[in-house]
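[1] model this:
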Amino acid sequence: MASSSSPSPSSDGQLVVPRSHTTAESQLSSLIYDLSQQVQGAMENMLKMTNEIDQNSAGVTEEIEKCKETALERNKTLEEEKEYFQKAAHTVLDMLNNKDIN
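    Predicted structure coming up:
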């Protein structure tokens, strides 16, 4: 004996789906569609955020490289100044030593 919610053959041999099944399938289909739209929206937002992160990351990397270059240039300048002052100090010491000898 068939229940009222299961499909039953019509007089022409085709299956007749009860209205409650059609409504449930329609609601389920609508729910799945809505959920897929939400997932698609979330994925689009994540893609936007990923692109924004990539752009910011590139900017940060560029700034780091500039800072490295500046630090290397400053280090070179300081090394040159150090050598200059060391030479000057040695010259002064040599002058003082020569004065003491004479």
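
[2] Every contact and neighbour count from this point should use C-alpha atoms.
    Noted.

[3] Show me the helices in the protein, by range?
    For the chain, the helices defined by DSSP state H occupy 19-101.

[4] Can you tell me the centre-most residue of it?
    In the chain, the C-alpha nearest the mean C-alpha coordinate belongs to I53, at 3.7 Å (Cα atoms, centre = their mean).

[5] low-confidence ranges in the protein?
    1-18, 100, 102 (pLDDT under 70).

[6] Please repeat the previous calculation with a cut-off of 50.
    Within the chain, the segments meeting pLDDT under 50 span 1-4.

[7] and stretch 95-102, C-alpha only, in PDB?
    Extracted C-alpha coordinates of stretch 95-102, given in PDB (Å, rounded to 0.1, in the frame of the first residue of the first chain):
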ATOM      1  CA  MET A  95     102.900  64.200  15.800                       C
ATOM      2  CA  LEU A  96     102.900  63.900  19.600                       C
ATOM      3  CA  ASN A  97     105.300  61.000  19.500                       C
ATOM      4  CA  ASN A  98     107.700  62.900  17.200                       C
ATOM      5  CA  LYS A  99     107.500  65.900  19.500                       C
ATOM      6  CA  ASP A 100     108.400  63.800  22.500                       C
ATOM      7  CA  ILE A 101     111.300  62.300  20.700                       C
ATOM      8  CA  ASN A 102     112.800  65.700  19.700                       C
END
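
[8] Show me what counts as buried in it.
    Residues of stretch 95-102 classed as buried: none (neighbour count, 16 or more other Cα atoms under 10 Å).

[9] chain center to that stretch: distance?
    Computed by Cα atoms, centre = their mean, to the nearest Å, the separation of stretch 95-102 from the middle of its chain amounts to 67 Å.

[10] do the same with stretch 45-64
    That offset, for stretch 45-64, works out to 6 Å (Cα atoms, centre = their mean).

[11] How about stretch 23-41?
    Distance of stretch 23-41 from the chain centroid (Cα atoms, centre = their mean) equals 30 Å.

[12] same check, this time on stretch 32-45
    21 Å.

[13] same question, stretch 62-69
    Stretch 62-69 sits 20 Å away from the centroid of its parent chain (Cα atoms, centre = their mean).

[14] Any buried residues in that stretch, and which?
    Going through stretch 62-69 with 16+ other Cα under 10 Å, nothing comes out buried.
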